[in-house]
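In: sequence unknown, structure follows:
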């Protein structure tokens, strides 16, 4: 069980972080830092409420600090928690400006590495670690939860990222086609994809389809696929065969046919 200290109980803390922490198996909301007011105590009477960061960090059993305070305080809280030997999840942005972030010489990758270390703790069951990663976003046990990170990956490196992944999860709400799904399949990576828009047609029976708005279903698929090497191998083979059916030459030919038909009718 990972004991969590929530720093800040404004809108983000109340509406997102506290419910997520309490809803993820393997996590316990142990303490909330609320400098003033009584909202935390009223909403979670069983959870200890601290008035200062020092008071929260005095509980040596708290392993993870989640920071949900105003943007200009993120770095100072994160640094204090890291110095105290705690793992940290911090709302974006890490610092208000790039200059300040560089001044502090602590990158997003540094904080992500801290979270990865906590998620790799052998005392926490693998299915709980996957749920934590799905809740907050991290690199864990061969699963890369990328968010917008793929936007910055050069095309020459993309295939390598797909190949190194244990699972490619793509719970998109809307896709005109779904090229990342085919790219992952062509790399032999098992795919979990959304059951929305064009993705079921593109993926066929070569992906595990989920409701992208059901976090429990997505987390369940990630856990099940992580623990089932045979199913991963089956989806990998199905994906390779599926991707081979989509060729650029065929796309060009069919598009040309459409143009010719349109021109003939006019």
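Out: Good, I have the coordinates. Remember, it's a predicted structure, so these values are computed and weren't measured experimentally.

In: got the buried residues for the helix or strand hosting residue 6?
Out: Per DSSP states H and E: residue 6 is located in strand 2-7. For strand 2-7, the neighbour count (16 or more other C-beta atoms under 10 Å) marks 2, 4-7 as buried. C-beta: built from backbone N, CA, C; applies to glycine.

In: Also stretch 196-208?
Out: Quick answer for stretch 196-208 (16+ other C-beta under 10 Å): 196-197, 199, 202-203, 206-208.

In: Also stretch 9-19?
Out: 9, 12-14, 17-18.

In: which residue ranges form the strands in this protein?
Out: Applying DSSP state E to the chain gives strands spanning 2-7, 27-33, 48-50, 64-67, 87-90, 139-140, 143-144, 168-170, 191-194, 208-210.

In: now the helices for the protein?
Out: Applying DSSP state H to the chain gives helices spanning 11-12, 18-23, 39-43, 53-57, 74-83, 98-104, 108-119, 126-136, 155-164, 179-186, 199-203, 215-226, 229-244, 248-265.

In: mind checking which of those is nearest residue 67?
Out: With C-beta to C-beta as the measure, helix 74-83 is the member of the helices of the chain nearest residue 67 (4.9 Å).

In: Mind giving me the packing neighbours of the closest one?
Out: Judged by 3 or more C-beta pairs under 8 Å, 6 or more residues apart in numbering; DSSP states H and E, helix 74-83 is in contact with helix 53-57, strand 64-67, strand 87-90, helix 98-104, helix 108-119.

In: From the chain's centroid, how far away is that helix?
Out: 22 Å (C-alpha atoms, centre = their mean, to the nearest Å).

In: quick one: the strand holding residue 6 to strand 27-33, angle?
Out: 30 degrees (axes from the mean of the first three to the mean of the last three C-alpha atoms, to 10 degrees).
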